[in-house]
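> fold the following, please.
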Amino acid sequence: MSGERYFVSHLTEYDYGGPVALARHSLHLTPRALPWQQVESHEIRISPQGVQRRRSEDAFGNPVEHLTITQAHDRLSVLAESWLCVDARPPVSERDSPAWESVREALVFRAGRPPHPAELEATQFLFESRHVRLKRELAHWAAACFDPGQPLLAGVRALSERIHDEFEFDNEATHVATPVREVLEHGRGVCQDFAHLMLSGLRSLGLAARYVSGYLLTTPPPGKPRLLGADASHAWVAVWCPLHGWVEYDPTNGVSAAEGHITLGWGRDFADVTPLRGVLHGGGGHEPEIEVSVIPEAEYESLMRAAAEKDADDADEEAATPATASTVAAPK
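Okay, here's the model as predicted:
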């Protein structure tokens, strides 16, 4: 594989504000091996120690790691680190894709006509799910991008670009459970919201589309260095096309998925591939602290060296700071 090589780090930390006696978690933090994505190494480090771990695959073939923590703890740290090589997706001719109506008709069940296995697999992404809705108003909104007889992928690209052009990225406007109709009404949200909105429009038209979870290589502002931990998880959409299989579009950026899109997994919506979810017995209110870094190989050594030097400087500064009365132990 001759694509781009990346180091990806995803750190999640919880401070529970009180002891947790028992916890069970499921992690979607292991990248999928794909024809265009080679996972060279992957490791998940967990604190506290003594965690029971089990690996499996979910219903969509995504790798999952299950954790059981039976010892009392008040903090949880999960660090996933990977080296990957990502190539370009297979090229597609959007204008030569089938008319979108014919694709919709091919996915309709008809007695006496056994579906093709690939079509049958695609049909599980036709229906409503926790964050994706099938509504006439959503079909009407999406239909503006699908003229009669229009090639499927040309219409999908138009819808992706419309979301990019008409909606504003605002990480304060929504939360994980914000309904897609509210996103449509207010025209604001984050990548997860835009993926759910695009899925709702496509499925409301009778097209099969799935949610893709992963990471995106970002570009620092001109003249600014890349910062460790400053990236975030990302989400985009894949649509089923009989000639090309699953074809991916990123409505947040109005582009096709490319070498900078790193895939963790896919499902019907975010709920199927939440990076970390679980149940706890104990603890208090808590919000995760998340740091994500996507680093091209060419920048890795210099960034790691700079991070090590900063840690050393911080340690020296801390050691040189005079102790105050509140930090000095009483003499015995």
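
> find the nearest non-adjacent residue to T263, please.
Among residues not flanking T263 along the chain, G214 sits closest, at 4.5 Å (C-beta to C-beta, 6 or more residues apart in numbering). In this view, the C-beta of every residue, glycine as well, is placed from N, C-alpha and C.

> need the contact list for that neighbour.
Counting by C-beta atoms under 8 Å, 6 or more residues apart in numbering, G214 makes contact with 31, 233-236, 261-265.

> make TSV out of the residues you listed and add neighbour count and pLDDT.
Below are these laid out as TSV (neighbours: other C-beta atoms under 10 Å; pLDDT from 0 to 100):
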residue	neighbour count	pLDDT
P31	25	97
S233	20	93
H234	27	95
A235	26	97
W236	26	97
H261	22	96
I262	22	97
T263	23	97
L264	24	97
G265	23	97
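
> inside strands: which ones of the residues you listed?
Cross-referencing the contacts of G214 against strands under DSSP state E gives 233-236, 261-265.

> can you check the pLDDT for the nearest residue to G278 once chain neighbours are set aside?
Once flanking residues are discounted, G278 sits nearest to H25: 3.3 Å by C-beta to C-beta, 6+ apart. Note for H25: predicted pLDDT of 96.

> in a helix, H25, correct?
No: counting by DSSP: H, G, I helix; E, B strand; the rest coil, H25 is not found in a helix; it is strand.

> roughly how far apart are it and V78?
From H25 across to V78, the span is 8 Å (C-beta to C-beta, to the nearest Å).

> show me which residues of stretch 32-50 are buried.
Along stretch 32-50, these residues count as buried under the neighbour rule (16 or more other C-beta atoms under 10 Å): 32, 36-39, 42, 44, 46.

> ok, now which ones touch the residue nearest to G278?
H25 makes contacts with 66-67, 69, 76, 78, 276-278, as judged by C-beta under 8 Å, 6+ apart.

> adding pLDDT, write those out as CSV.
Converted to CSV, those look like this (pLDDT from 0 to 100):
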residue, pLDDT
H66, 97
L67, 96
I69, 95
L76, 95
V78, 97
L276, 95
R277, 93
G278, 91
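
> out of the residues you listed, grab the one that's most surrounded.
L76 (25 neighbours; other C-beta atoms under 10 Å).

> that's a helix at that one, yeah?
No: applying three-state DSSP, one finds L76 to be strand, outside a helix.

> so E182, which state does it fall into?
When classified by three-state DSSP, E182 comes out as helix.

> how close does it sit to I290?
E182 is 24 Å from I290, by C-beta to C-beta.

> and if you look at E301?
As judged by C-beta to C-beta, E301 and I290 stand 25 Å apart.

> quick one: which of these two has more around it?
Neighbour count, other C-beta under 10 Å: between E301 and I290, I290 has more, with 16 against 10.

> so the more buried one bridges to which residues?
Taking DSSP bridges as the rule, I290 bridges to T12.
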